[in-house]
Each structure stands twice: as structure tokens, then as C-alpha cells.
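Visitor: need the 3D shape of this:
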Amino acid sequence: MKADNARPHVARVCRQFLDDEGIDAIDWPSRSPELNPIQHIRDVMSRCIRRRQVAPQTVQELTDALIQVWEEIPQDTIRRLIRSMPRHCQARGGHTHY
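Guide: You can find the predicted model right below:
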């Protein structure tokens, strides 16, 4: 599990929960590159939704829009993100450049 030193991630109750559940948390410098491809895909999806001419007005419209955007993401985009993970692991902090 990743802990990025944000207050909620280092709170005593959170640490206790992780300990109780047998989850080992690793120390993670706050300026380390993000290594989770799912968060990158979420960002891609969010940008696609924001670029729409008409923003979703209901939860159902947002759900439908997200499904449509998800289905339109090229598999090459997902593969590229996954293949970039070793390079990100070697980075020394700061934000990730694509």
C-alpha cells in the first residue's frame, strides 16, 4: 500500500487499521512520481469529460459519459502507461513528464 505522507495517510487511526488488517505500508516520499497507472487513466478520462460541449447534469449522464470515454481509450494508451512504470520507479521525485 502506498502512503504519500498526506495527513489522512499517516493518521494514527489509519496506521492502526493497516496494522490490524496485516497491511504493510511503505514509506513514500511526498514528491515521488505517481506509480499507479489507474490514476493516470482516471486523469485521461476526467480531461475527456471536461472537454465535452455539454457537461453531464445527472449521475446517470456522468455514468454514461464515463463508460463511453472508457471504451474509447486506445489500448495503446493503457499499454504505454503500464510500460512507463519501470522508468517512473527509477525517477527521483517531482512530477511526471509525458
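
Visitor: contacting residues for the closest residue to residue 81 other than its chain neighbours?
Guide: With Cβ to Cβ, 6 or more residues apart in numbering as the criterion, residue 81 has its nearest non-adjacent residue at 4.2 Å, and that residue is residue 37. From N, CA and C alone the C-beta is placed, and that goes for glycine too. Counting by Cβ atoms under 8 Å, 6 or more residues apart in numbering, residue 37 touches 78, 81-82, 85.

Visitor: tell me, how many residues neighbour residue 54?
Guide: When neighbours are defined as other Cβ atoms under 10 Å, residue 54 has 7 of them.

Visitor: for it, phi and psi?
Guide: Main-chain torsions, residue 54, degrees, to the nearest 10: phi -120, psi 120.

Visitor: I'd like the distance between it and residue 72.
Guide: Distance, residue 54 to residue 72, by Cβ to Cβ, to the nearest Å: 17 Å.

Visitor: also residue 43?
Guide: The spacing between residue 43 and residue 72, counted by Cβ to Cβ, is 15 Å.

Visitor: for residue 45, same thing?
Guide: Taken as Cβ to Cβ, the span from residue 45 to residue 72 is 10 Å.

Visitor: neighbour-wise, which of the two wins?
Guide: For residue 45 versus residue 72, the count of surrounding residues by other Cβ under 10 Å is larger for residue 45: 17 against 9.

Visitor: any idea which helix or strand carries that one?
Guide: Applying DSSP states H and E as the criterion places residue 45 in helix 37-50.

Visitor: cool, residue 65 as well?
Guide: Going by DSSP H and E, residue 65 is in helix 59-72.

Visitor: would you mark the buried spots in that helix?
Guide: 65-66, 69 (16 or more other Cβ atoms under 10 Å).

Visitor: need the pLDDT of residue 55.
Guide: pLDDT recorded at residue 55 is 91.
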